[in-house]
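Participant: prediction below, plus the sequence it came from.
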Number of protein chains: 2
Amino acid sequence: MSAKPDMVHASISLKPALDAIGKSMDQRFDRLLPVPQDSRAQLFNAMRHAVIGGGKRMRPLLVVAACDLFHVDRERALRVALAIECVHCYSLIHDDLPCMDDDDMRRGKPTVHKAYDEATAVLAGDSLHALAFEILADPATHEDPFARAELVTELAVSSGPSGMAGGQMMDLVAEHELYDLGGVTRLQQLKTGALIGFCLEAGAIMGRIPVASRTPLRGYARDLGLAFQIADDLLDVEGSSTKTGKAVGKDAAAGKATFVSLLGVERARTQAVMLIDQAIAHLHSFGPEADLLRAIARFAIERDR
Amino acid sequence: MSAKPDMVHASISLKPALDAIGKSMDQRFDRLLPVPQDSRAQLFNAMRHAVIGGGKRMRPLLVVAACDLFHVDRERALRVALAIECVHCYSLIHDDLPCMDDDDMRRGKPTVHKAYDEATAVLAGDSLHALAFEILADPATHEDPFARAELVTELAVSSGPSGMAGGQMMDLVAEHELYDLGGVTRLQQLKTGALIGFCLEAGAIMGRIPVASRTPLRGYARDLGLAFQIADDLLDVEGSSTKTGKAVGKDAAAGKATFVSLLGVERARTQAVMLIDQAIAHLHSFGPEADLLRAIARFAIERDR
C-alpha cells in the first residue's frame, strides 16, 4: 500500500511538541502573573491555578503550528498562544461554576471555585479574559498595529455571542431542547470550533496573509474542530475520569444530544476519521512546514484524554 | 464674590446631556444587538436587558465629553462610549450574582440572574466583555489601527486584574479585612477609578494626543473618580433605594470600611467637594470645550442617585 503524500508528512509524533508547548506556556504564565503583595493576591493565585500546569495545550500548539506556516517569529507566536489559552481557561473556569456545569475537577486538579470560591472564580475568569486582549494589543505581539487590531477583532468575535459564548448558551438550552445533527454541529462549531478557527486565523494574521488566501486554513480548522469534538464525545462515553482529569458521562446523564448519541459510536468514529482526512487534504498546497498541523489533526482523534 | 473662571464654564446643566446620551446609547445597543432566531435568543435578550434602558450613562458621557475636547467625530466617540458601557454593564451583571453581591435589583429592574438565570447572567457578562473589544478594534471606531490597538490596551488594563477586577477582588476581601483610608482609596481607584480613567484617556487616544500631554486629563479622572465614589458612599448611607434603583446600606451592613465610615459624613462631603474643585482646576488650560467635563464633575457630587 502506498502512503498518500499527506500521510508521509503526518508521521511526526506529537508528544515532544505538546510537552514543549506545555513547558513554554507554564514558564511564560509564571513570568506574566507574579502574585502582588496586596489584597489582590488571591485573584492572581486563582488565575495561576487555572493557567499553569495542566491541559493539553492544543490551542497554543495550533497557534504555533499555524504561525510556523508563515515563518512567524516564535516568541511572537507564543504571545498569541498565551492569549488564546487565557480565553480557553477563562471559559473553563466559568463553565465549571455551580450555576453552569458544576464540575469539581479540571485537568486533574480542583476547579478554581473549589480551590478558592465562586466569587474569586468569576473574577479570575474575567481577569484572564481581559488579559488576553491586553497581550494581543501589545506591540511586542506584532509591530504592525493593523495586525494587532485584527487579532483583537478575531478573538472578540470568536469568543463572544457569535462564537464561543453563543455556543455555551446553546449548550445550556440543550438541557430542555433536543438538537438534531445540524443543531449539535452548529452548537459545537460555535462552542469549540470558533476558538480553534481563531488559532489558525491568527497564524495568517501574524504572517500578514491576505484574507483571500486563508481558505485552506479555515477549512482545516472547521474539519478539525468537529473531529475534535466528536473525539471528545467518544471519550465522554468510553474514557475514564482518571485519564481525562474531569468527570465523564455527563452529557448522557443530562440527556443532551451529542454526536455519539445521534450517530452511534461506530458512525461517529468513522465520521471523525473522515473529517481528519479532509482537514489534512485542505493543507495539500503546503509542504513539510505544515507537518505539525497534520500531526495535530491525527492526534485529535487518537488521543485518550 | 467674583466667580472663579472655571466656575463660569461649569454652569451648564447636565440633564439634557444625560438624557441625550441615554437615548443615544439605547438606540445604538438596540441596533447592535438584534435577537437571533435560534437558541442563542436568551443570551441576546439578557445582554439587551443589561444595556438598554437604564443607568446614568455617566461613563459614556465622560467619553463623549473627553472626545469633544479634541473635536473627535461624534459617531466615533459614541462607539467608544458603547464599548465602555459594555464593560461597565458586564461588571454589574457579574457583581450582582449571588456569589458576589447577591443583588436582586439594578437600575430599577430585576438583575440579569433574576430576570433570567445565573448561567445566562455569567454568559451575558462574558459576551458584553468580548463585545467591548470587538467594537474598539473595528475600523469604524478609528481609521488609525494604532489608535484602535491603544484603546484595546487601555480598556484591557483598566478593566483587568490591575484595574477594575483587581478592585473587585479587594472589595471581596474587605469582608474579612478592614481597610484604612489608604486601602479604601486604593480599592476604589482600581474598582471604579480605572474605568473612569479609561473614559478620559480614550478621548486623548481618539484625538491622537501624545501621552505627555494627557496629564491634566489623568488628574481630572483621578479626582473625579474618588469624588464620585465618596458621593456613592454618601448615597448608600443617606439615599433611598427608590431613587438609586438598587439596595442601599449594604456596605455598612457587611461591615466594610467606606469613605463615610472612615471620615464621617461631614468630612466625606467636604473631601468630595475639594476633590471636585481640584478636578476642575486640572482643566484650566481648556476653554468652553471643557464645559461638559466641568458640569459632569459638579454633577458627580450633586446627584441623588
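Facilitator: Ah, there it is. Numbers count the residues shown, from 1 in each chain, chains lettered A, B, ... in the order given.
Participant: which ones are touching the residue most central in space within chain A?
Facilitator: Geometric centre of chain A, nearest residue: A:Arg59, 4.1 Å, by Cα atoms, centre = their mean. A:Arg59 makes contact with A:Ala81, A:Ile84, A:Glu85, A:His88, A:Leu195, A:Ile196, A:Cys199 under the criterion Cβ atoms under 8 Å, 6 or more residues apart in numbering or on different chains. In short, each C-beta sits where N, CA and C put it, glycine included.
Participant: any idea how far it is from chain B?
Facilitator: Applying Cβ to the nearest Cβ, to the nearest Å, the value for A:Arg59 to chain B is 16 Å.
Participant: what about the strands in the stretch 51-200 of chain A?
Facilitator: Along the stretch 51-200 of chain A, counting by DSSP state E, counting those that start in this stretch, strands occupy A:105-106, A:109-110.
Participant: need the contact list for A:Thr185.
Facilitator: Counting by Cβ under 8 Å, 6+ apart, A:Thr185 touches A:Leu226.
Participant: now do 10 Å
Facilitator: A:Tyr179, A:Gly193, A:Leu226, A:Gln229, A:Phe259, A:Leu262 (Cβ atoms under 10 Å, 6 or more residues apart in numbering or on different chains).
Participant: same deal with A:Arg218?
Facilitator: Neighbour list for A:Arg218: A:Gly197, A:Leu200, A:Glu201, A:Ala204, A:Val211, A:His282 [criterion: Cβ under 10 Å, 6+ apart].
Participant: any weak-confidence spans in chain A?
Facilitator: Low-confidence segments of chain A, defined by pLDDT under 70: A:1-12, A:240-248.
Participant: between the contacts of A:Thr185, which is nearest chain B?
Facilitator: Chain B has its nearest neighbour among the contacts of A:Thr185 in A:Tyr179, at 8.1 Å by Cβ to the nearest Cβ.
Participant: distance to chain B and neighbour count for the contacts of A:Arg59 - can I get that in TSV?
Facilitator: As requested, the contacts of A:Arg59 are arranged in TSV below (distance: Cβ to the nearest Cβ, whole Å; neighbours: other Cβ atoms under 10 Å in any protein chain shown):
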residue	distance to chain B	neighbour count
A:Ala81	17	26
A:Ile84	13	26
A:Glu85	16	25
A:His88	13	24
A:Leu195	11	23
A:Ile196	17	25
A:Cys199	17	28
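Participant: re the thing from before, whichever of the contacts of A:Arg218 end up buried, select them in ChimeraX.
Facilitator: Here is the ChimeraX command that selects only those of the contacts of A:Arg218 that count as buried (16 or more other Cβ atoms under 10 Å in any protein chain shown):
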select /A:197,200,201,204,282
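Participant: out of the contacts of A:Arg218, which touch chain B?
Facilitator: The subset of those within reach of chain B, by Cβ under 10 Å from any Cβ of the partner chain, is empty.
Participant: hang on, the earlier thing: which of the strands of the stretch 51-200 of chain A has the highest mean neighbour count?
Facilitator: Compared across the strands of the stretch 51-200 of chain A, strand A:105-106 shows the largest average neighbour count, a mean of 20 (mean count of other Cβ atoms under 10 Å in any protein chain shown).
Participant: pairing partners for it, with directions?
Facilitator: Paired strands of strand A:105-106, with direction, are strand A:109-110 (antiparallel) (DSSP bridges).
Participant: centre of the chain to the strand it pairs with, how far?
Facilitator: Put simply, strand A:109-110 sits 19 Å off its chain's centre (Cα atoms, centre = their mean, to the nearest Å).
Participant: could you measure from the spatially closest residue to A:Asp117 that is not a sequence neighbour over to B:Lys191?
Facilitator: Leaving aside its chain neighbours, A:Asp117 sits nearest to B:Cys99 (7.3 Å; criterion: Cβ to Cβ, 6 or more residues apart in numbering or on different chains). According to Cβ to Cβ, to the nearest Å, B:Cys99 and B:Lys191 sit 17 Å apart.
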